[in-house]
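> Would you be able to build a 3D model of this:
(2 chains)
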Amino acid sequence: QSALTQPRSVSGSPGQSVTISCTGTSTDVGGYNYVSWYQQHPGKAPKLIIYDVIKRPSGVPDRFSGSKSGNTASLTISGLQAEDEADYYCCSYAGNYTAVFGGGSQLTVL
Amino acid sequence: EVQLLESGGGLVQPGGSLRLSCTASGFTSSNYAMNWVRQAPGKGLEWVSVISGSGDSTYYAGTVKGRFTISRDNSKNTLYLQMNSLRAEDTAVYYCAKSSYDFWSGYYTFNNWGQGTLVTVSS
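Modelled structure (predicted):
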C-alpha cells in the first residue's frame, strides 16, 4: 500500500488560510469517507483534528476544516496562528482492514 | 482523562525480538479497538496493526504481517505488540493509539495517543 501524497511543505502568514491536500486512489481516499487528519508538534505525539473527512473532535477550533473531492482530501486552516506551525498527516481507510497515512506536510507560519 | 503509556522499547539486534506494552487508563478498554502506529526517525507515520475490543479480530500492515503479533489483556488494561525477526527498517518510535469505537469503520480514527517508545534495531 503506497502512502498518500501530501505536499512536503506549506506556509502562510498569521491570519491567512492554508490548504493541505492529500491524494490517494479510489481504493482508499476516494472509496471511503474515513479520512482523518493529525497535527504533530516536534517531539510530541500526534493529535486528531479531523475525522470522517469533515468532523471535528470536541476542543478542536473551528478554524480547522476538512473536505474531499474524488481521490483528494483537504485540510484547511483559516486564521493561521503561530501555534499552528506543526506537521500534518492525513490517514485513510485503505480496504482489507488496513489504513494508510500520507507522507506528512510541514506547515510554517511566516 | 484517557492516558496511554507505552513501554518495552530499546536496542535489539537484527533478527531479534521485543515485546511492547501499552497501559491504558481513563476508559473501559474492552469497548475500544486499539492500534499500534510507528514513526521512523525523521519520517512520517505508518499504521502497523489494530485489535478489536474483545481481542478476537486482528489486522496488520503488509510490512509486519507474519512477524508482529498484536494482543491485549483487558483485565490489565494493557495492549501488547510482540515483534519478531526485527529488521533495521523497523527502527521507529512506536505509539499505541485508541480507536474511535469498536467497529471496523471506527478502527482507523486514532482519538488518543501515547507518548511512544523507541525501538532501535541495530548490530
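> Identify the residues contacting the closest residue to A:Leu4 other than its chain neighbours.
Leaving aside its chain neighbours, A:Leu4 sits nearest to A:Gly102 (3.8 Å; criterion: Cβ to Cβ, 6 or more residues apart in numbering or on different chains). C-beta: built from backbone N, CA, C; applies to glycine. Residues in contact with A:Gly102 (Cβ atoms under 8 Å, 6 or more residues apart in numbering or on different chains) are A:Ala3, A:Leu4, A:Thr5, A:Gln6, A:Cys22, A:Tyr89, A:Cys90, A:Cys91, B:Gly44.
> which residue sits closest to the fourth one, ignoring its sequence neighbours?
If you skip the residues right next to it in sequence, A:Gln6 has A:Gly102 as its closest partner in space, 4.0 Å away by Cβ to Cβ, 6+ apart.
> so B:Val93 bridges to which residues?
Beta-bridge partners of B:Val93, counted by DSSP bridges, are B:Gln39, B:Leu118.
> Tally up the residues packed near it, please.
20 (other Cβ atoms under 10 Å in any protein chain shown).
> List the contacts of it.
Applying Cβ under 8 Å, 6+ apart, one finds that B:Val93 lies in contact with B:Gly9, B:Arg38, B:Gln39, B:Pro41, B:Gly116, B:Thr117, B:Leu118, B:Val119.
> Run through the bridge partners of A:Cys22.
With DSSP bridges as the rule, A:Cys22 is bridged to A:Ala73.
> ok, it touching A:Thr76?
No - counting by Cβ atoms under 8 Å, A:Cys22 sits too far from A:Thr76 to count as a contact (11.8 Å).
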